[in-house]
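Undergrad: here are the coordinates; sequence isn't available:
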């Protein structure tokens with residue numbers, strides 16, 4: 001199973017996303033968006049390419065109703081529980097704070113920092129895809145690919 005992971009797109013138009021990312025949407029089993037969408041039109045446009053889109057509300061999405069975009073969610077892919085959240089507060093210690101947001105997850109997918117990260121804290125893996133449109137805190141834009149098969153998983157940060 002191939003899952004495309006994005007966050008912090010800060011746009012309401014799919015035309016502002018890199019073409020390489022749109023190509024990935026066509027080939028994915030699911031798409032995760034970890035918040036700071038800014039315009040829900042973007043989610044509708046992505047759903048026209050791939051209907052398996054799971055998104056959460058970021059700090060730049062305050063006007064979205066909780067039913068439309070929850071603050072966090074848990075999605076099960078095969079035998080892997082994935083927690084999806086945007087994140088909040090200062091970047092330092094964010095992963096530690098996010099550990100308290102979920103119970104019984106294997107991976108926490110998050111955004112907020114615009115800095116890509118794939119690593120482990122305790123027994124939980126963390127995946128931040130960075131931002132595909134706004135490299136404010138890094139030298140490059142990025143997204144992530146998450147691969148899941150049964151209980152096994154791995155991820156890859158893709159620089160754009």
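TA: Done, it's in. What you are looking at is a predicted structure, and each value in this text was computed from that prediction instead of being measured.

Undergrad: okay, CA-based contacts and neighbour counts for the rest of this
TA: Noted.

Undergrad: what separates residue 103 from residue 128, distance-wise?
TA: To residue 128, residue 103 is 19 Å away according to CA to CA, to the nearest Å.

Undergrad: Those two: which is more packed in?
TA: Using other CA atoms under 10 Å, the more surrounded residue of residue 103 and residue 128 is residue 128, with 27 against 10.

Undergrad: now the more buried one, which residues is it bridged with?
TA: Listed by DSSP bridges, the beta-bridge partners for residue 128 are residue 117.

Undergrad: How about the contacts made by it?
TA: Listed by CA atoms under 8 Å, 6 or more residues apart in numbering, the contact partners of residue 128 are 7, 109-111, 114-118, 144.

Undergrad: Could you check the pLDDT of it?
TA: We have a pLDDT of 98 for residue 128.

Undergrad: Let me know the average pLDDT across the one helix or strand residue 24 maps to.
TA: Secondary structure assignment for residue 24, by DSSP states H and E: helix 19-27. Averaged over helix 19-27, pLDDT sits at 95.

Undergrad: Figure out how far that helix is from the centre of its chain.
TA: 15 Å (CA atoms, centre = their mean, to the nearest Å).
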